[in-house]
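Chemist: Pasted the sequence and its predicted model underneath.
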Amino acid sequence: MEAVNVLREDLLAYEQELDLNMHDQRLRRAYVRAAMALVESVIHSTKDLTYNFATQVILPLQQHLGARLHRCPVSAITQKLTHGELSLLRDEQMTVKNSGEVDSSTSFVDFKKSVKFTFKMASRVFATPLALDFSGDPGWHSLTQAGDIRNRLVHPKPGESMNVTDGEIDNVRNGYCWTLSKGKDLALAIQPSWVRVLADLAQWVSESKSEFVSELGAEIEALTDPDSVVSRLIDQLKSAKPQMPNL
């Protein structure tokens, strides 16, 4: 979480410098790099917390339910989380070496695909419907343009301009604001959403007549405690959300 806040402070500093030297191309390039570093950090933090929530809350509950899982009516608990999805949340790619042993390496996913995957997975894992429009949303379009601008500056090719236009500055600003806005929407929605999920699960458990009722009921009660893993991870997601800029 600290990286997100440090990068946010860097970006604010560049914005203040740009206000005084708007036509300085050195500052413009630095601003683009700082803005996209913040976006990448928000996406990485969201992936990390989504993975932790999936593996420390959902999967243990599924394991505890065991053969009873298919009877559970709470979709947030019964959702299928594949090994591939969990590996991508960790930016891992699994391969088999010539020796026959499994090898883990860093997975490099296209920026646009990575953002889509991250927010869709977070929305599903946290049982929080996010308003995600990857076709007509101007903010999303700006973010895709910002990614291309960043790539042009970081991986320059012969003949390509290293200057950043006014319109490109606007795209970068709108793109990172879109990312922070989605992160804010997610952070604000997951706590009430999981309160409902755990309440629905508790109701189903209380209405069930089997030997696991008291044991699972105690586990659900523990998850609603302020010091539970659910509460800790929700607090981490909230703290990873930097404040929106005043534009």
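Modeler: In hand now; what should we look at?

Chemist: make it CA atoms for all contacts and neighbour counts henceforth
Modeler: Fine.

Chemist: So what touches the helix or strand containing residue 148?
Modeler: Secondary structure assignment for residue 148, by DSSP states H and E: helix 138-154. Contacts to helix 138-154, defined as CA atoms under 8 Å, 6 or more residues apart in numbering, come from residues 29, 32-33, 36, 111-112, 133-135, 160, 162, 168, 171-172, 174-179.

Chemist: my guess is residue 93 meets residue 87, correct?
Modeler: Yes - in this structure, residue 93 is within contact of residue 87 by CA atoms under 8 Å, at 6.6 Å.

Chemist: which residues does residue 171 contact?
Modeler: Applying CA under 8 Å, 6+ apart, the residues near residue 171 are 142, 143, 145, 146.

Chemist: what about it, distance to residue 57?
Modeler: For residue 171, the distance to residue 57 equals 38 Å [CA to CA, to the nearest Å].

Chemist: Which pLDDT does the model give the most centrally placed residue in the chain?
Modeler: A centroid search over the chain (CA atoms, centre = their mean) returns residue 46, at 2.6 Å, as the residue closest to the centre. You'll see residue 46 listed with a pLDDT of 91.

Chemist: quick one, phi/psi of it?
Modeler: phi -70, psi -40 (degrees, to the nearest 10).

Chemist: So it sits against residue 123, correct?
Modeler: No - applying CA under 8 Å, one finds residue 46 not in contact with residue 123, separated by 10.4 Å.

Chemist: what touches both of these two?
Modeler: By CA under 8 Å, 6+ apart, no residue touches both residue 46 and residue 123.

Chemist: At which residues are the strands of this structure located?
Modeler: Using DSSP state E, the strands of the chain run over 92-96, 102-106.

Chemist: hmm, back to that, closest one to residue 64 out of the contacts of residue 171, please.
Modeler: residue 143 (41.1 Å; CA to CA).

Chemist: Count the residues that sit near that closest one.
Modeler: 25 (other CA atoms under 10 Å).

Chemist: same deal with residue 39?
Modeler: Residue 39 - counted by other CA under 10 Å - has 24 other residues nearby.

Chemist: With residue 110 instead?
Modeler: Around residue 110 there are 8 residues (other CA under 10 Å).

Chemist: cool, the one 3 residues further on as well?
Modeler: Residues lying near residue 113 (other CA under 10 Å) number 9.

Chemist: got it, and residue 191?
Modeler: Residue 191, neighbours per other CA under 10 Å, totals 19.

Chemist: please begin residue numbering at 26 from this point
Modeler: Sure thing, new numbering starts at 26, so read that last one as residue 216.

Chemist: measure it to residue 227 for me?
Modeler: 16 Å.

Chemist: show me where the protein has helices.
Modeler: Remark: helices of the chain, listed N- to C-terminal, are 27-45, 50-78, 84-90, 100-103, 108-114, 136-150, 163-179, 191-232, 238-248, 254-264; assignment by DSSP state H.
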